[in-house]
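S.K.: build me a model from this:
(2 chains)
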There are 2 protein chains.
Amino acid sequence: MTEAVATRSRKKRRGRDASRSAEPGQNPHLEGPYITRGIPTYDLLGEEALEQIEATAERILAEIGIEFREDPETVRLFKEAGGDVTEVTSDVWNIKFAPGLIRGLLSTAPAQFIQHARNPANSVQIGGDAMVFAPSYGSPFVMDLDKGRRYGTLQDFQNFIKLGQSSPWLHHSGGTICEPTDIAVNKRHLDMVYAHIKYSDRAFLGSITAPERAEDSIEMARILFGSEFTDRNCVIMGNFNTTSPLVLDGVTTRGIRAYAGANQGSIHLPFLLGGAVSPLTMAGSVAQCLAESMVSCALTQLVRPGAPAILACFVSSMALRSGSPTFGTPEPALGSLVMGQLARRLDMPLRCAGNFSTSKLPDAQAMQQSVMSMMSAVQCGAHYILHSAGFLDGLLSMSYEKFVLDTDLCGALHAYMKGLTVNEDTLAFEALAEKGPGEHLFGTAHTMRHYKTAYYDYALNDDRPWETWDEQGAVDAATRANARWKHVLNTYQAPPLDIATDEALRDFMARKKDSMPDMWY
Amino acid sequence: MTEAVATRSRKKRRGRDASRSAEPGQNPHLEGPYITRGIPTYDLLGEEALEQIEATAERILAEIGIEFREDPETVRLFKEAGGDVTEVTSDVWNIKFAPGLIRGLLSTAPAQFIQHARNPANSVQIGGDAMVFAPSYGSPFVMDLDKGRRYGTLQDFQNFIKLGQSSPWLHHSGGTICEPTDIAVNKRHLDMVYAHIKYSDRAFLGSITAPERAEDSIEMARILFGSEFTDRNCVIMGNFNTTSPLVLDGVTTRGIRAYAGANQGSIHLPFLLGGAVSPLTMAGSVAQCLAESMVSCALTQLVRPGAPAILACFVSSMALRSGSPTFGTPEPALGSLVMGQLARRLDMPLRCAGNFSTSKLPDAQAMQQSVMSMMSAVQCGAHYILHSAGFLDGLLSMSYEKFVLDTDLCGALHAYMKGLTVNEDTLAFEALAEKGPGEHLFGTAHTMRHYKTAYYDYALNDDRPWETWDEQGAVDAATRANARWKHVLNTYQAPPLDIATDEALRDFMARKKDSMPDMWY
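M.R.: Numbering: from 1, shown residues only, chains lettered A, B, ... in the order given. Sure thing, here's the model as predicted:
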């Protein structure tokens, strides 16, 4: 694909947006390939408490160690780097790390990097003052108000990519937005990566469910971006989970080595349910999170120093009467704020939080939980926020309605992140002086100058008087969201894709699919 | 009422709570008469920007001035204090204040004070590290899912007091929770104050809609607390709005003088809709808010130095396509954070933000807006948060369902405000070491020790698996809230009130009501 095509594509989408300016939800002044942070981070803890958490993470690594499974090469790399290896069984090893060893290995990890999109205008900065929103990841089910909950299909997967691509408030196409369960387990990664490339012109995540699927994902990125460009730049990333507590299995470490070896990005996520796989108390969960994520990131630097790696944090809580995991609760929001501080002290990018909810509907609970969680993401200084749209049902379901509710919230957060500008113009003394006490400011020059950009215009909130709202059907936000996602899908326009590239990708997929029988587990 | 009765009342309510421990939403470890802040404030702006806003506020007061209407005594007080008075008409004056004059007058205002409740266990600290939640205030309508929207009645008013009193997550009974429109305008303040005293044993707000109604409210407080105690302590407060931009009318200033003269508390609120009565840009709105609220507060110190006064901030936005006010949007959330900083620089208590929404239903929009606004309240360092429960429809309606959804959120914010404790126990190294890599922590001593208090237990969130939820009716949060408020009203128990006090209050009301004909405007 040439850059000219890419630029045209971006312009085209922008052009279409402008033509719809009478529609609600138009905030062109806030659009961009990613958010540049205009507000400070919210720092919860002081120096001493942070040092205690860091010391505990080091103590976990030094005294308990991390268990590695079924990947002797990873064990060899860590041993060579100074890890203290104990063989537990023939394919399980415990490695202990002297205090400071892992932190030292991370010194070559970049503080920030660019993940390139096929449309250069959509390339994203990961780290520093940048913040990137991506859709939710990994749900087996999808749901909408018409058809309820059912297993996700490739059609759903493509739909969510289209919904994401159509929103100016997401910056990244994400990865396994939902599981396309109608495609064989060993082949669906091909359809997923292809769908990201075909229906979006933003950056995306590849597969990590098996090392060969990671390799296939990276190979498809090479077809799109060229091998040489791919070797020098981050064009795809993988999102890896540790097996908490304190385990890294072979599928994960082999996948990490595949991405890092190709100089591609990787996200290193301990998925911590307090009381189950980490301590119930948030200080302990965060210490464990730091320990696990640091080790996982360090592997990338052993494979290829300078390879992009992202620390990550998913500390959650549980309903203590039922043992069910809970999301969008206050304690993990605090944990996220602390993890932001710890990531800055490591000078590494952070993935953290998202629009989490355990609700089974796009209702009051859904957004109450989402906003509490999402505010912690933008306030903690997270750089890459997976699960920014669609998350319901404790991550088991992607919701069509929640997706558009969430993207609207993401838009509002663009306004929030811009911060509060203080200068002579915004202080507006003249506007007040122009009219004087008791006179409204509707007609002042200041109002006329600012009215288009002063406030975020929501696509879905109904702010009309009750009478108007009542006359026009008295519908709730979920019902409006239902109409909204259908409208967005109906008006979706695919970004142009170079025909030769498209053919090469299809050819690769066909060859790969023909090379193996379908597997369903 | 004796203190013994009060203590018994508190114990009784607590006792009932304990007996319901199998019910969701029980978090006795988080309960208390108010929240003591365990987390830092979120400071948005640096020194220079704050000074620019303060300088603009001073410039507004010095060069534009504040317009006073129909209260020569207030004009006399400000003139005596150094204000530069210009007579605009025979009962309208403009007063300009040299830079620093108003700020100087505020030096006698207390940084914090206690508002006493008739149950001493429920007395609240206003200011400092304390945070107090009170119900929403001032809606003419009420709504619930069964009967929709209709004008509020005294029955509704009493119901909301009961709902508030029954929640451990509110700390204050509020004031005009809804307008009891079935009672004559000139008499309803008596029924409202009586209802607060009768159905709640928490602190409350009195009437401000006319100076004589303010006096009646204070007189009823004297009956309850005794004249001498009332003269020495804050036992009632009034919530006063400026007439923005830059006007203080006579009803307001006479009311302020009544409360301050009786040594009672007062809240000084500019209700600023950006673009209408203040600049569209948040820096200007905040500067104007500071100017107006400082002047209004300063009046209290002229009347009685040391009288409790609360700065206040309600900066809002509007839907720029329709001109409708909007609430719970990102720009005012930033404005609140700044107002928190400005209040701390004045060393005065602050009322700010709340669970705002323009939604007409307790739906996704309602809580999305509420949480964004409410997070700004707790993060900005506000001390008194009116509108903490029930707010829908842009403050035009009190919602029964939203009330209980909001109190549940208020509970979660108790956990949030507690902060993240870092010590050897919470760092939980031993818990991880006990089991080692790959083993869950369900049975560890650490988990057993913390499981009851680690996470806030919501009363209304449904965190169960989808299948369980679906089998049990698949209801949304609004439907659960509908059942919840009915259950709370059905199990409400009135706090005991001394019979002689009750009779004296009823007698005062009867005499006042008999002394004047009903007025309906």
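S.K.: and the residue of the stretch 301-450 of chain A that's closest to chain B?
M.R.: Closest to chain B within the stretch 301-450 of chain A is residue A:428: 3.1 Å, counting by Cβ to the nearest Cβ. Any C-beta I mention is one placed from the backbone N, CA and C, and that applies to glycine too.
S.K.: give me the number of residues near that residue?
M.R.: Counted with other Cβ atoms under 10 Å in any protein chain shown, the neighbours of residue A:428 add up to 28.
S.K.: enumerate the residues of the stretch 151-300 of chain A near chain B.
M.R.: A:243, A:245-247, A:274-284, A:286-288 (Cβ under 8 Å from any Cβ of the partner chain).
S.K.: show me these that map onto helices.
M.R.: A:282, A:283, A:284, A:286, A:287, A:288 (DSSP state H).
S.K.: which of the residues you listed lies closest to chain B?
M.R.: For these, the nearest to chain B is residue A:284 (3.1 Å; Cβ to the nearest Cβ).
S.K.: so that closest one makes contact with residue A:275?
M.R.: No. The criterion here is Cβ atoms under 8 Å, and residue A:284 misses it with residue A:275 at 10.5 Å.
S.K.: now the ones in helices among the residues of the stretch 151-300 of chain A next to chain B in CSV, with distance to residue B:460, neighbour count and pLDDT?
M.R.: Shown next, in CSV, are those (distance: Cβ to Cβ, whole Å; neighbours: other Cβ atoms under 10 Å in any protein chain shown; pLDDT from 0 to 100):
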residue, distance to residue B:460, neighbour count, pLDDT
A:282, 23, 31, 97
A:283, 28, 25, 98
A:284, 28, 29, 98
A:286, 28, 34, 98
A:287, 32, 30, 98
A:288, 31, 32, 98
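S.K.: those residues into TSV, with extra columns for distance to residue A:469?
M.R.: Listed next are these as TSV, based on distance: Cβ to Cβ, whole Å:
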residue	distance to residue A:469
A:282	41
A:283	46
A:284	48
A:286	44
A:287	49
A:288	48
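S.K.: which one of the residues you listed is nearest residue B:133?
M.R.: residue A:282 (23.2 Å; Cβ to Cβ).
S.K.: run a quick neighbour tally on the closest residue to the closest one other than its chain neighbours.
M.R.: Spatial nearest neighbour of residue A:282, excluding adjacent residues (Cβ to Cβ, 6 or more residues apart in numbering or on different chains): residue A:335 at 4.5 Å. Using other Cβ under 10 Å, residue A:335 is surrounded by 29 other residues.
S.K.: the helix or strand hosting residue A:335 - what's its average pLDDT?
M.R.: According to DSSP states H and E, residue A:335 maps onto helix A:330-346. The pLDDT scores in helix A:330-346 average 98.
S.K.: also stretch A:179-199?
M.R.: On average, stretch A:179-199 scores 98.
S.K.: measure that stretch end to end?
M.R.: 17 Å (Cα to Cα, to the nearest Å).
S.K.: hang on, the earlier thing: looks like the residue nearest to residue A:282 contacts residue A:286 (just checking).
M.R.: Yes. Counting by Cβ under 8 Å, residue A:335 touches residue A:286, with 5.2 Å between them.
S.K.: where do the contact lists of those two overlap?
M.R.: A:313, A:315, B:420 (Cβ atoms under 8 Å, 6 or more residues apart in numbering or on different chains).
S.K.: low pLDDT regions in chain A?
M.R.: A:1-22 (pLDDT under 70).
S.K.: longest strand anywhere in it?
M.R.: strand A:309-318 (DSSP state E).
S.K.: following it, which helix or strand shows up next?
M.R.: Heading C-terminal from strand A:309-318 (DSSP H and E), you reach strand A:325-326.
S.K.: tell me which other helices or strands that following strand touches.
M.R.: Counting contacts by 3 or more Cβ pairs under 8 Å, 6 or more residues apart in numbering or on different chains; DSSP states H and E, strand A:325-326 packs against strand A:309-318.
S.K.: now find how far off-centre the strand it packs on is within its chain.
M.R.: 12 Å (Cα atoms, centre = their mean, to the nearest Å).
S.K.: who does it pair up with?
M.R.: strand A:265-269 (parallel), strand A:271-273 (parallel), strand A:325-326 (antiparallel), strand A:350-352 (parallel) (DSSP bridges).
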